[in-house]
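# Got a predicted model here, sequence first, then my questions.
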Amino acid sequence: MTFKHQLNAWVPFRPGFKPRLPLWTLTQLAVLLLPFSSLLSSLGILLVALGLWLQRFPSLVRRPVNWGFAVLSVLMLISTALAFNRMDALLGLFNFLPFFFVFAGLSEWFQTPAKLRRIAWLLVIGSVPVVAIGLGQQFFGLSGQMQILWIVADWSIAPTGNPPGRMASIFSYANVLASYLSVTLTLSLGLWLETFLSDQQLVVSDQWSADGGQWSVTIGQEDVEGEAFAQNSPRPQIFLMVAVLGNAIALVLTNSRNAWAIAVFACLAYALYLGWRWLLVGVGVVVSSTLGAAFAPAPGRDWLRVVVPEFFWARLTDQRYTDRPLAQLRSTQWRFAWSLAQQHPLNGWGLRNFTPLYQAEMQYFIGHPHNLLLMLASETGIPAALLFFGLVGWIVAQGSWMLYAKMPLSDAEGRTETHDRLLYFSYLVAFVGCGLFSFLDVTLFDVRINLLGWLLLSAIAGIVYRGQAVGVASRK
C-alpha cells in the first residue's frame, strides 16, 4: 500500500468522507494526556485539527475570525522577515501559527455542551495526578527526572519546587503550574456547582435582568434526563469536591499572586452569576482582611496580621524578596518593551527578540517581559498586537453576549439548557482568567498551557457558531 493510500485510510481528503480515525476519541485522549506529555497531546490535537480542516474546509474559510487570524499570521511573517534575529523570530512563530490552525479546526468541533462537559471533566481528571505529585514534592520530598523515549514525556521534579518552596509539580516553574491550576480549578468548581445544583434541584435562571441587574435562583421540580444531571451516585460530587479542594490547595502552594487573584475573580464571578450574596460578602471579607494585613497602616495592619497567616500577607508585600535587582522588576521590563515598540511600531523586532535585546541593554537574562500585550507590541508590532487581542476579545464578547441576551446554546430547553449555560459560563471565566494572567506573566512558551488556552477559546467560539446557527434556524 502506498503512502497516499495509507493516509487516505486515516484522514479524509474528500468532503463528506467518513473518517476511520475516531477523531472524538483521539481528542479526548489528547486532552487527558495534556499535562503529562506535550508531544502526544499536541500531536493528537494537530491530527484532529487536520482532519477537521479537510472535512469542513468550506465552513472554516467562511468564518471572519479565521480570516482575521490569517491576516495576523501574515503580519507575523512580515515581522519575522524584518526581525533583528530572524532565526529566533522563526522559532517564535511556532508558539502562534500552529495554534491559529488548531483553533479554527476545533471551533468547528466543540459546538455542543456535551462535548464541552466531557472536555472539562477530562481536564479536571488530569489535574488530580498533577496535584498529587505537587503535594508529594512539597511535603514528602518527591523529586527526580522521568523521561519516556526522551521527548514523549520529560518531567523534572525539583525538591520542594521551583523556585524552592513554591510548588511546580511536573511543570518547569511555579507560575506555569499556577496558570494551569487557575483553569482546572475554575472548571472543577463549575462542574461541582453543576452537580450540587442538580442534587439540590435548584435551577439558576441565568437570565440577567436589565431592570434588576442581577441573576436569580429559583426552585425547580422538573426531572432532567441525561447522564449529566440524573446522577444517583454521590461519587461524581465527591470526586469533584476533592478535585476542587486539591486544586485550591495546590494553587495556594504555588505562591503565585497572579493565580490567587484569579481564584478570587472566579469565586466572585460564580457568586454574581448564581446570586449568592453570602459568598460575595465572604470573599470580600477574606480579601479585604488579607489586603489590609499587607498594606494597611499601623495599628490596623498589626491587628489583622494576628488573624491573617503570614504566608499570604508576606507574599503580597514581597518581603521575602526585598533584594531584587532592578532588571528583574516587571516595571523595568515593561518600560523596556514599550520603548522597543515605540522604536519599531509597525513590525516590531521579531518574536523571541526581546530576550537578547534586554540582555544586551541590562546585562540580565529575562525570557519575556511578563506581559503578553507588550511582548507582542515590541516583537510583532502594535497593529499585530491589537489585532490579536481584538480577535480574542471579540470571541469572548460574543460568548458573553450569548449568555446576556439568552441566546440558545443548543437545541436543549429548560433545566438542561440552564446547566449548559453554567458550564459555558465556566469556560468563559476560565479563559478570562487566562487572559488576566497574561497581563502579568507569559506562560504560552509551555506548549501545554498554550494549547489549553486555545482549547478554551475554541470551545467558546464553537458554541457561539452553534448558537448563531440555531438562532438563524429558529427565525426561519
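Received it, and whenever you're ready, just let me know what you need.
# Test my guess that Gln138 contacts Asn162.
No - using CB atoms under 8 Å, Gln138 makes no contact with Asn162, being 11.7 Å away. C-beta here means a position set from N, CA and C on the backbone, and glycine is covered the same way.
# buried residues in the strand or helix carrying Phe437?
Assigned by DSSP states H and E, Phe437 falls within helix 414-438. For helix 414-438, a neighbour-count test (16 or more other CB atoms under 10 Å) marks 415-435, 437-438 as buried.
# what ranges of the stretch 301-450 of the chain fall below the confidence cut-off?
Low-confidence segments of the stretch 301-450 of the chain, defined by pLDDT under 70: 320-322, 410-416.
# Now do the helices in it.
Per DSSP state H, counting those that start in this stretch, the stretch 301-450 of the chain carries helices over the ranges 310-317, 330-343, 354-362, 372-380, 382-404, 414-438, 447-475.
# right, and the ones you listed - which one's nearest Tyr273?
Comparing the helices of the stretch 301-450 of the chain against Tyr273 with CB to CB, the closest turns out to be helix 414-438 (5.7 Å).
# which helices and strands does the closest one pack with?
In terms of contacts (3 or more CB pairs under 8 Å, 6 or more residues apart in numbering; DSSP states H and E), helix 414-438 is packed against helix 113-139, helix 174-199, strand 202-204, helix 257-274, helix 382-404, helix 447-475.
# Check which helices and strands the last one sits against.
So that's helix 447-475. Judged by 3+ CB pairs under 8 Å, 6+ apart, the packing partners of helix 447-475 are helix 38-55, helix 97-107, helix 113-139, helix 174-199, helix 382-404, helix 414-438.
# and among those, the most buried is which?
Of all the helices and strands packed on helix 447-475, helix 174-199 has the most neighbours on average by mean count of other CB atoms under 10 Å, namely a mean of 25.
# quick one: average confidence on it?
The average pLDDT within helix 174-199 is 93.
# how many degrees apart are it and helix 447-475 in direction?
Relative orientation of helix 174-199 versus helix 447-475 (axes from the mean of the first three to the mean of the last three CA atoms, to 10 degrees): 40 degrees.
# Now find how far off-centre helix 174-199 is within its chain.
Distance of helix 174-199 from the chain centroid (CA atoms, centre = their mean, to the nearest Å) equals 11 Å.
# Same question for stretch 250-270.
13 Å.
# So for it, what gets flagged as buried?
Neighbour-count burial for stretch 250-270 flags 250-256, 258-263, 265-270 (criterion: 16+ other CB under 10 Å).
# In this structure His368 contacts Phe354, no?
Yes - judged on CB under 8 Å, His368 makes contact with Phe354 at a distance of 6.3 Å.
# Neighbour count: these two, which is higher?
Phe354 (27 against 20; other CB atoms under 10 Å).
# mind listing what that one touches?
Contacts for Phe354 were tallied using CB atoms under 8 Å, 6 or more residues apart in numbering; they are 337, 340, 366, 368-369, 375, 378-379.
# Take the helices and strands packed on helix 414-438 and write them to CSV, including distance to Arg324.
Shown next, in CSV, are those (distance: least, CB to CB, whole Å):
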stretch, distance to Arg324
helix 113-139, 24
helix 174-199, 15
strand 202-204, 45
helix 257-274, 14
helix 382-404, 27
helix 447-475, 25
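# who's in contact with the closest residue to Val392 other than its chain neighbours?
Distances taken as CB to CB, 6 or more residues apart in numbering put Leu457 closest to Val392, at 6.6 Å, once the chain neighbours are dropped. Contacts for Leu457 (CB under 8 Å, 6+ apart) come out as 103, 392, 395-396, 431.
# and those residues, which two are the farthest apart?
So for these, where distance means CB to CB, the most widely separated pair is Phe103 and Val396, at 13.1 Å.
# shared neighbours, His368 and Phe354?
In contact with both His368 and Phe354: Met375, using CB under 8 Å, 6+ apart.
# just to revisit the earlier point, scan the contacts of Phe354 and report the most crowded one.
Greatest neighbour count in the contacts of Phe354, by other CB under 10 Å, goes to Glu379: 33 neighbours.
# Test my guess that that one contacts Gly92.
Yes - applying CB under 8 Å, one finds Glu379 in contact with Gly92, separated by 7.3 Å.
# Next, show the common contact partners of those two.
Common neighbours of Glu379 and Gly92, using CB under 8 Å, 6+ apart, are 350-353.
# ok, these vs Leu304, which is closest?
Minimum distance to Leu304 across these is 43.8 Å, recorded for Arg352 (CB to CB).
# how far away is that closest one from Ala327?
Separation of Arg352 from Ala327 (CB to CB, to the nearest Å) stands at 18 Å.
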